[in-house]
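S.K.: I'll drop the sequence and a predicted model, then ask my questions.
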Amino acid sequence: MGTPQNRPRIAIASLMHESNSFSAEKTALADFEFFDPAGWEKGNGEVAGMVSELDPEEFDVRRTIFASATPKGPVTATAYEELTSRLLEAVRASGPVDGVLLALHGAMFSELYPQADEETVRRVRRLLGPGVPLVVAHDFHANISPLTVELCDALVAYQQNPHLDTKQRGARAARILMRTLRGQARPVQAIVKPPLVWNIVFQNTNVDPLLSITQASMKLETQPGILAASVLGGYQYADTEFMGPSVVVVTDNDLPRAQAEARELAGRMWDLREQIELRLPDADKAVQLAMNAPKHPVALFELGDNIGGGSAGDETFILERLLQRKARGWVVVIFDPAAVEAAKQAGIDGAFDRPVGGATAASASRPVQVKGIVRSLHHGRYVETEVRHGGSRYWVMGHSAVIEAVGSTADELNLLVVTSERSSPNSIHQLVSCGIYPERQKILVAKGAVAPRAAYQPVAAEIVTVDTPGCTAVNPAHFTYTRVRPGVLGVTSEDRPIR
Ligand SMILES: [Zn+2]
């Protein structure tokens, strides 16, 4: 145990952002929240785990900077420079440090640095010099580059998705650094990246195919000589060279073993590639399935327009197919304030004949012409009486109108609901409040992936998730990647620049 003068000094810093490089909404400095160092041990994140694990009697712990922003588009160049210079300055101001713990998301994309976290690690390493141990913690969704692993002494990522182990992983990172500083361990590490996209649809670590690999990594960590074993799913909404899953194994001074174990786990991921092929119907196929289903209503979940995931809320891929295929008895909700105004002008029973949806900067689809009459107008507030996703009770979709579209019969109504605010379809009362009986409809279209399930399960005979384009699309084929390294299975890279 050292006196305050000779305790080894450890600086902790954190910059967290998961950036969707396909989003037009940039992330600015103002989007970042800076956490007061006095409260870092609160909460369940890896920073809390690091702070709690480090023994202040033995180590002189310096809390430097901890900033985080909600997932959005690329971090602007100025925000990235400001964040990293504040981080470096804070570490420098801590005086000469003996070790650094760095918590980074691992999927930050900045305008000038697509692998932004690698650049952050590089800058910290440059400040520290080669001899000072640097341990990095990453999110399960990190897109790790091999160079990141070379620039730090150990890298520990969450093993679980949903992320329930963030605090434990931070604590593990801290333990590796403490053991290193005590001279009890000499971490060396290896990374292997299976050349595929581990689709977000298959990233739940509590179920197979990922469960068995996650369990293997946990078991590996219980073995002597293994300091950490992380299996990461990666983040497919980032057009970066090292997008995709990774395995990182840290051993105590046994590089061949780290390499062998990482290869083994990565090989298991690769071997499951056929199990993680997307086999979801597209909009046209889904509409036909719904029309021919033995029991109704069938709920179609539009994965590419997942409002809860930040999508436009006005994609028309399914609406267009319903009209083309002359389906009957459907309900579609579309965010379109101009259409709401037009319906208000027309009034109840008034004629409605105009393009709908596909109108925002984020939309991937075209507006679709809808002809019909205005059936009803609504203030757009509704109440959910049951416990549903997110726990909200009061919902707002803004002024809204129900359009009875052409092709309706007395028993089979084609209903388009246009809203003036985006509202994730987490409550069936969105429809009920508009005088719609969802159980009497044949096809219910909801813009979401998981959140609407609790709302639609009780009324729907079947729920079909539909592979539609849009900024929340789950199928990488809907995006054009230009930076992903060649040979990654499942990536369509048109216009690949010559390197
Ligand atoms: Zn994550």
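M.R.: Received the coordinates, thanks. The structure presented is a predicted model; accordingly, all values stated were derived computationally and were not measured. Numbers count the residues shown, from 1 in each chain.
S.K.: please count neighbours and contacts with C-alpha atoms only from this point.
M.R.: OK.
S.K.: and the helix or strand in which I318 is found, what does it pack against?
M.R.: Element membership for I318, per DSSP states H and E: helix 317-324. Helix 317-324 sits against helix 283-291, with contacts defined as 3 or more CA pairs under 8 Å, 6 or more residues apart in numbering; DSSP states H and E.
S.K.: direction included, what does the helix or strand that the helix it packs on is followed by pair up with?
M.R.: Going down the chain from helix 283-291, the next helix or strand is strand 298-302, by DSSP H and E. Looking at strand 298-302 with DSSP bridges, its partner strands are strand 443-446 (parallel), strand 462-466 (parallel).
S.K.: quick one, strands of the stretch 151-300 of the chain?
M.R.: Counting by DSSP state E, counting those that start in this stretch, the stretch 151-300 of the chain has strands at residues 154-157, 187-192, 226-232, 246-252, 298-302.
S.K.: can you report phi and psi for V331?
M.R.: V331 adopts backbone torsions of phi -130, psi 130, taken as degrees, to the nearest 10.
S.K.: what about it, how many neighbours?
M.R.: For V331, the neighbour count with other CA atoms under 10 Å is 28.
S.K.: do you know how far it is from L413?
M.R.: Look at V331 and L413: by CA to CA, to the nearest Å, they are 8 Å apart.
S.K.: distance of the residue nearest to V61 when sequence neighbours are not counted from D117?
M.R.: Distance criterion CA to CA, 6 or more residues apart in numbering; nearest residue to V61, sequence neighbours excluded, is I10 at 4.9 Å. Per CA to CA, I10 is found 20 Å from D117.
S.K.: repeat for V51
M.R.: 21 Å.
S.K.: so which of these two has more stuff around it?
M.R.: The neighbour count for V51 versus D117, taken as other CA under 10 Å, is higher for D117 (27 against 22).
S.K.: confirm for me that that one is in contact with S110.
M.R.: No - the pair D117 and S110 fails to qualify as a contact (CA atoms under 8 Å) at a distance of 9.2 Å.
S.K.: could you list the low-confidence segments of this protein?
M.R.: For the chain, the stretches with pLDDT under 70 are 1-5, 387-391, 493-499.
S.K.: kindly recompute the last result at 50.
M.R.: Counting by pLDDT under 50, the chain shows low-confidence ranges at 1, 495-499.
S.K.: angle of the strand ranked longest in it against helix 317-324?
M.R.: Longest strand of the chain, by residue count under DSSP state E: strand 368-378. Counting by axes from the mean of the first three to the mean of the last three CA atoms, to 10 degrees, strand 368-378 lies at 100 degrees to helix 317-324.
S.K.: show me what secondary structure element comes after strand 368-378.
M.R.: Remark: after strand 368-378, the chain's next helix or strand is strand 381-383, criterion DSSP H and E.
S.K.: list the neighbouring strands of that following strand plus their orientation.
M.R.: strand 394-396 (antiparallel).
S.K.: who touches the partner strand?
M.R.: Under the contact criterion CA atoms under 8 Å, 6 or more residues apart in numbering, strand 394-396 has outside partners 380-384, 421, 423.
S.K.: swap the cut-off to 6 Å and go again
M.R.: Residues outside strand 394-396 that contact it (CA atoms under 6 Å, 6 or more residues apart in numbering): 380-383.
S.K.: which one of those residues sits closest to T316?
M.R.: Minimum separation from T316 among the contacts of strand 394-396 (CA to CA) is found for G380, which lies at 21.1 Å.
S.K.: grab the nearest non-local neighbour of P367.
M.R.: Closest residue in space to P367, ignoring its immediate chain neighbours: G358 at 4.4 Å, by CA to CA, 6+ apart.
S.K.: what of A362?
M.R.: Closest to A362 by CA to CA, 6+ apart is A312, at 5.5 Å.
S.K.: mind checking the SS state of that neighbour?
M.R.: coil (DSSP: H, G, I helix; E, B strand; the rest coil).
S.K.: for Q203, see how far away it is.
M.R.: Noted for A312: a distance of 24 Å to Q203, by CA to CA.
S.K.: how far does stretch 132-140 sit from the chain's center?
M.R.: Its chain's C-alpha centre and that of stretch 132-140 lie 21 Å apart, by CA atoms, centre = their mean, to the nearest Å.
S.K.: which residues does it contact?
M.R.: 98-106, 152-158, 232.
S.K.: got it, and stretch 250-266?
M.R.: Residues from elsewhere that reach stretch 250-266 (CA under 6 Å, 6+ apart): 185-190, 192, 194, 225-228, 247, 249.
S.K.: same question for stretch 476-496.
M.R.: Here stretch 476-496 makes contact (CA under 6 Å, 6+ apart) with 195-196, 239-241, 469.
S.K.: what helices or strands is the helix or strand encompassing V332 leaning on?
M.R.: Assigned by DSSP H and E, V332 falls within strand 330-335. Contacts defined by 3 or more CA pairs under 6 Å, 6 or more residues apart in numbering; DSSP states H and E place strand 330-335 against strand 415-419, strand 443-446.
S.K.: let me have these in CSV, extended by distance to E302.
M.R.: Formatted as CSV, the helices and strands packed on strand 330-335 follow (distance: least, CA to CA, whole Å):
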stretch, distance to E302
strand 415-419, 15
strand 443-446, 6
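S.K.: tell me which of these lies nearest to T180.
M.R.: Of all the helices and strands packed on strand 330-335, the one in closest proximity to T180, counting by CA to CA, is strand 443-446 (52.1 Å).
S.K.: and the closest residue to T385 other than its chain neighbours, how many residues sit next to it?
M.R.: Leaving aside its sequence neighbours, T385 sits nearest to R393 (CA to CA, 6+ apart; 6.6 Å). R393 has 13 neighbours, counted by other CA under 10 Å.
S.K.: please apply the same query to the one 4 residues further on.
M.R.: M397: 20 surrounding residues under other CA under 10 Å.
S.K.: would you list every one of the helices in this structure?
M.R.: For the chain, the helices defined by DSSP state H cover 46-53, 77-93, 116-128, 146-151, 166-181, 210-221, 255-271, 283-291, 317-324, 337-346, 429-432, 453-456.
S.K.: in a markdown table: those, plus distance to A405.
M.R.: Formatted as a markdown table, the helices of the chain follow (distance: least, CA to CA, whole Å):
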| stretch | distance to A405 |
| --- | --- |
| helix 46-53 | 52 |
| helix 77-93 | 47 |
| helix 116-128 | 48 |
| helix 146-151 | 55 |
| helix 166-181 | 49 |
| helix 210-221 | 44 |
| helix 255-271 | 48 |
| helix 283-291 | 17 |
| helix 317-324 | 9 |
| helix 337-346 | 13 |
| helix 429-432 | 16 |
| helix 453-456 | 23 |
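S.K.: surely V368 touches D353?
M.R.: No - the criterion here is CA atoms under 6 Å, and V368 misses it with D353 at 10.3 Å.
S.K.: who touches D117 in this structure?
M.R.: D117 neighbours (CA under 6 Å, 6+ apart): G106.
S.K.: for it, give its distance to V136.
M.R.: Distance from D117 to V136, by CA to CA: 10 Å.
S.K.: just T64 next, same as before
M.R.: Using CA to CA, one gets 15 Å for the distance from T64 to V136.
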